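>>> Got a sequence here, can you model it:
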Amino acid sequence: MSEYEHTCLIRGDGGQSVRAVLDRICDKWTLLIVATLEAGRLRFTELQQHIPGVSQRMLTLTLRNLERDGLVSRTVHAEVPPRVEYELTALGRSLIPPALTLAGWAIEHNAEIQASRDAYESRRRQP
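Numbers count the residues shown, from 1 in each chain. Purely as a prediction, here's the structure:
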């Protein structure tokens, strides 16, 4: 029995809780936002400028979800116009080491994965 299966048996939820957390962490924007906030607190527009391709809507939704999950804190300053800043919580900072490990693995094995993809596509094109 794998460690994952053992954990699911202990929790009794068939892996639902693990999948829910991984769904959040592994979505398209979460790790980019977390990595960007590693340097410190940023305003919404600054954050958006640091993450090419993220729409205002997707950044808003992802930040809300990260705040809901306790990975990011949101601070609203009573100014005109209102100033809103985001920063990683301690829980969010704890995601940095495993995220860097995963990114390092992806970089290390990128050529191998690309070669496998190319070989797969070549096989699919053959009659």
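
>>> can we go C-alpha only for contacts and neighbour counts from here?
Noted.

>>> ok, now how distant is Gln114 from Glu121?
11 Å (CA to CA, to the nearest Å).

>>> Show me what counts as buried in the helix or strand encompassing Ala20.
Per DSSP states H and E: Ala20 is located in helix 16-25. For helix 16-25, burial by neighbour count (16 or more other CA atoms under 10 Å) applies to Arg24, Ile25.

>>> Show me what it is packed against.
With contacts defined as 3 or more CA pairs under 8 Å, 6 or more residues apart in numbering; DSSP states H and E, helix 16-25 has no helix or strand neighbours.

>>> mean confidence for the helix or strand where Glu108 lies?
Assigned by DSSP H and E, Glu108 falls within helix 96-125. The average of the pLDDT scores along helix 96-125 is 91.

>>> circling back to that earlier point, I'd like the distance from the helix holding Ala20 to the chain centre, please.
11 Å (CA atoms, centre = their mean, to the nearest Å).

>>> Need the contact partners of the helix or strand following that helix.
As assigned by DSSP H and E, the chain's next helix or strand after helix 16-25 is helix 30-37. Applying CA atoms under 8 Å, 6 or more residues apart in numbering, the contact partners of helix 30-37 are 24-25, 47, 50-51, 62, 66, 86-88, 92-93, 96, 99.

>>> In helices, which of those residues appear?
Here DSSP state H is the test, and those give Arg24, Ile25, Leu47, His50, Thr62, Leu66, Gly92, Arg93, Ile96, Ala99 as lying in helices.

>>> which one of the residues you listed has the most neighbours?
Top of these by neighbour number is Leu66, holding 22 neighbours under the definition other CA atoms under 10 Å.
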